[in-house]
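K.L.:
Structure for this input, please:
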Amino acid sequence: MDASLLSYVELPADAGRLRVAVVTETYPPEINGVSLTTARVVDGLVRHGNSVMLVRPRQNAGDVAAQEAHYEEMLSRGLPIPRYPHLKMGLPARSALIRLWSVKRPDVVLVVTEGPLGWSALAAARKLRLPTITEFHTNFHSYSTYYGVGWLKTPVKAYLRRFHNKGDVCLVPTRALAASLQRDGVRQIEVVPRGVDTDLFTPARRDEALRASWGAEPHTLVVAVIGRLAPEKNLALAIRAFEAIQQRVPEARLLFVGDGPSRESLSRRYPEHGYAGMRTGEDLAAHYASADMFLFPSLTETFGNVTTEALASGLPVVCFDYAAGAERVRDGDNGALAPVADENAFVDAALRVAGDRCGRLAMAKAARQSVQNLGWPAVAAQMVQLMTGIIKQHEVRNGVWVAG
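P.N.:
Predicted structure coming up:
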């Protein structure tokens with residue numbers, strides 16, 4: 001194998017039930033919904049006794065394959081992504097993957113991202129006649145409108161359709177997204193819901209000292225916006241909704257948690273709001289739990305993990321009625337929903353939650369209860385079952401024997 005293309009740490013032979021190659025162009029310590037979800041899936045697969053081979057781009061010059069005891073890791077070349085220099089796009093590695101998987105043949109390949117590395121993985125898997133599953137995480141075609149290149153929407157959608165039709169099945173987190181992709185021509189789709197770590201994200205992490213650092217008293221209404229600060233997140237609507245809230249609750253505070261290309265312009269234009277920056281782990285969980293309600297105005301999500309994290313933290317969620325909002329938020333019970341793209345209705349929904357303290361406290365309790373049974377172990381079990389079925393279908397269709 002050409003070490004300049006792929007470097008890796010090899011584990012001893014394992015008698016795990018499945019050998020799964022996971023190919024992704026983002027993974028922790030990078031912080032985004034795709035990387036964190038993928039890490040949960042990898043952890044869940046391993047906990048179910050499977051062997052995982054993770055393929056990802058090298059994140060920086062000093063990055064080396066992790067010396068983890070529970071999965072193998074292969075690193076490929078990568079280039080910085082425009083406007084997100086801390087993230088890498090994997091370079092094509094078809095030949096290297098063919099050589100690697102010819103020697104260490106996986107039972108199934110899970111392709112997480114649609115960049116050049118993901119495309120190479122699909123091509124290598126097809127060459128070796130390996131069962132392949134893709135995941136749809138990001139509505140890239142919807143992003144084009146927010147970056148002034150709306151003319152790219154149609155060709156990007158065509159690329160995504162072609163990409164996901166090269167696998168045996170495409171996994172999506174919601175029924176609505178499955179229906180949308182079917183209309184766009186993606187043929188084989190399965191719905192696998194997202195989990196949430198209810199031990200990490202919990203109201204028990206509420207911290208009055210942290211709230212005080214935001215200038216909030218114990219009874220001050222803190223409105224949180226958590227996630228990437230970027231044009232496609234529709235943050236102007238969060239500002240508008242909060243300004244309406246402040247007319248009714250003058251002492252309310254708005255807190256942004258996260259980083260991204262819009263942070264500098266936001267903090268310069270709206271210096272009166274709080275900007276906590278990027279937070280992770282228990283620190284992030286404390287920021288969730290120490291707020292009082294959550295605004296999520298994005299219209300470009302495939303799911304939106306922050307929705308379930310906020311609910312688990314005991315925050316009523318205000319969002320549009322699609323993606324995780326449609327799946328997990330019950331209007332008037334654990335949050336408030338607005339019809340998709342109806343900005344006036346979104347502002348009204350935010351006002352309903354903010355203006356009724358007793359109702360908001362009841363919603364907070366219901367929010368936590370609504371996601372108590374959405375743990376990641378159940379998601380991993382469903383993934384294993386689905387992979388096993390895909391492998392068997394592939395054997396029958398291609399006449400290929402795959403070790404179990």
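
K.L.:
For residue 282, pull up the helix or strand it's in.
P.N.:
Remark: residue 282 resides in helix 281-289, with elements defined by DSSP states H and E.

K.L.:
what sits up against that helix?
P.N.:
200-207, 210, 224, 226, 255, 257, 276, 279, 294, 309-310, 313-315 (Cβ atoms under 8 Å, 6 or more residues apart in numbering). Any C-beta I mention is one placed from the backbone N, CA and C, and that applies to glycine too.

K.L.:
So among those residues, which ones count as buried?
P.N.:
201-203, 205-206, 210, 224, 226, 255, 257, 276, 279, 294, 309-310, 313-315 (16 or more other Cβ atoms under 10 Å).

K.L.:
Looking at those, which are in helices?
P.N.:
For those, membership in helices holds for 210, 309, 310, with DSSP state H as the criterion.

K.L.:
which one of those residues is nearest residue 395?
P.N.:
Residue 395 lies nearest to residue 309 out of those, by Cβ to Cβ, at 38.7 Å.

K.L.:
quick one: contacts for the closest one?
P.N.:
Taking Cβ under 8 Å, 6+ apart, we find residue 309 in contact with 196, 201, 226, 285, 288.

K.L.:
which of those residues lies closest to residue 324?
P.N.:
residue 196 (9.8 Å).

K.L.:
show me what contacts the nearest residue to the closest one once chain neighbours are set aside?
P.N.:
Closest residue to residue 196 apart from its sequence neighbours, by Cβ to Cβ, 6 or more residues apart in numbering: residue 308 at 4.0 Å. By Cβ under 8 Å, 6+ apart, the residues touching residue 308 are 194, 195, 196, 324, 328, 371, 374.

K.L.:
Closest to residue 155 out of the contacts of residue 309?
P.N.:
Among the contacts of residue 309, and counting by Cβ to Cβ, the member closest to residue 155 is residue 226, at 32.3 Å.

K.L.:
picking that back up, could I get the ones in helices among the buried ones among the contacts of helix 281-289 in CSV, plus columns for pLDDT and distance to residue 54?
P.N.:
Output for those, formatted as CSV (pLDDT from 0 to 100; distance: Cβ to Cβ, whole Å):
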residue, pLDDT, distance to residue 54
210, 99, 34
309, 98, 24
310, 99, 29
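
K.L.:
Now tell me which helix or strand of this structure has the poorest mean pLDDT.
P.N.:
Lowest by mean pLDDT, DSSP states H and E among the helices and strands of the chain is strand 6-9, with a mean of 48.

K.L.:
Which is the succeeding secondary structure element to that one?
P.N.:
strand 19-23.

K.L.:
so after that following strand, what's the next helix or strand?
P.N.:
helix 33-47.

K.L.:
quick one: that following helix to chain centroid distance?
P.N.:
Computed by Cα atoms, centre = their mean, to the nearest Å, the chain-centroid distance of helix 33-47 equals 10 Å.

K.L.:
What is it packed up against?
P.N.:
Judged by 3 or more Cβ pairs under 8 Å, 6 or more residues apart in numbering; DSSP states H and E, the packing partners of helix 33-47 are strand 19-23, strand 51-57, helix 305-312, helix 376-398.
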